[in-house]
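Engineer: Coordinates for the following, if possible.
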Amino acid sequence: MNKIAVLVSGEGRNTHHILQSIKNGMLYNSIVNIMISDRWCRAIQYALTRNITVFSLIKTNKKFLSKEIDNILIRYTPDIIVLSGFFSILDEEFCEKWSGKVINVHPSLLPKYGGRGMYGIKVHQEVIKNKEKISGATVHYVTKDVDLGGVILKKTCRIDSKETPTSLSKKVSMIEKEILIQSINKLL
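Structural biologist: Model (predicted):
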């Protein structure tokens, strides 16, 4: 059985999709055996209703967050670590130790609109502001350089002339779910 660890900070939409994909057979021979959050978020509540082991590192000093996460992961030995709306930046030592096992889904066609501070609706606002014609999502490996790890999968969508950041967010969210599951299957 493949063990998936999920790191979260927000709503948990992609986490929910991972769990649904396991349930309906789109993710093969896998379980989410642990969830780690860096703040209180709705994803925690969802995981607890699914009997997933949850660690909330709310009070952990950001300086020690990566080490605390590492200590937990060592005990649970995941095959893959998925950042699912995880806002904290993992340090270089962590990224090197878990190299090739940590992936993230980003709501743009990286390297465009990536890096520190570029997440969620902020990405879509910039894409619209810059009058881009296409957008999409990217699943990539996590490295010490934010959003610059090797690309696993990308998928695009067209931007309509009347697109808003909110409508684009909805389009890209659908793409994120699709390529995240494809990427997990590919890596496992």
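
Engineer: C-alpha from now on. contacts and neighbour counts both.
Structural biologist: Will do.

Engineer: hang on, isn't Arg158 packed against Glu132?
Structural biologist: No - using CA atoms under 8 Å, Arg158 makes no contact with Glu132, being 9.0 Å away.

Engineer: which parts of the lowest-mean-pLDDT helix or strand in the chain are buried?
Structural biologist: Each helix and strand of the chain was given a mean pLDDT (mean pLDDT, DSSP states H and E); the minimum falls on helix 42-49 at a mean of 88. By neighbour count on 16 or more other CA atoms under 10 Å, the buried set for helix 42-49 is Ala43, Ile44, Tyr46, Ala47.

Engineer: Show me where this structure has its strands.
Structural biologist: For the chain, the strands defined by DSSP state E cover 2-8, 30-37, 54-56, 80-84, 102-106, 134-141, 151-158.

Engineer: Please tell me how far the least confident helix or strand of the chain is from the chain's geometric centre.
Structural biologist: Taking the mean of its C-alpha atoms, helix 42-49 sits 16 Å from the chain's own mean (CA atoms, centre = their mean, to the nearest Å).

Engineer: how much does that helix deviate in direction from strand 2-8?
Structural biologist: Angular relation of helix 42-49 and strand 2-8 on a 0 to 180 degree scale: 140 degrees, by axes from the mean of the first three to the mean of the last three CA atoms, to 10 degrees.

Engineer: Specify the angle between helix 42-49 and strand 30-37 in degrees.
Structural biologist: Angle, helix 42-49 to strand 30-37, by the same axes, to 10 degrees: 130 degrees.
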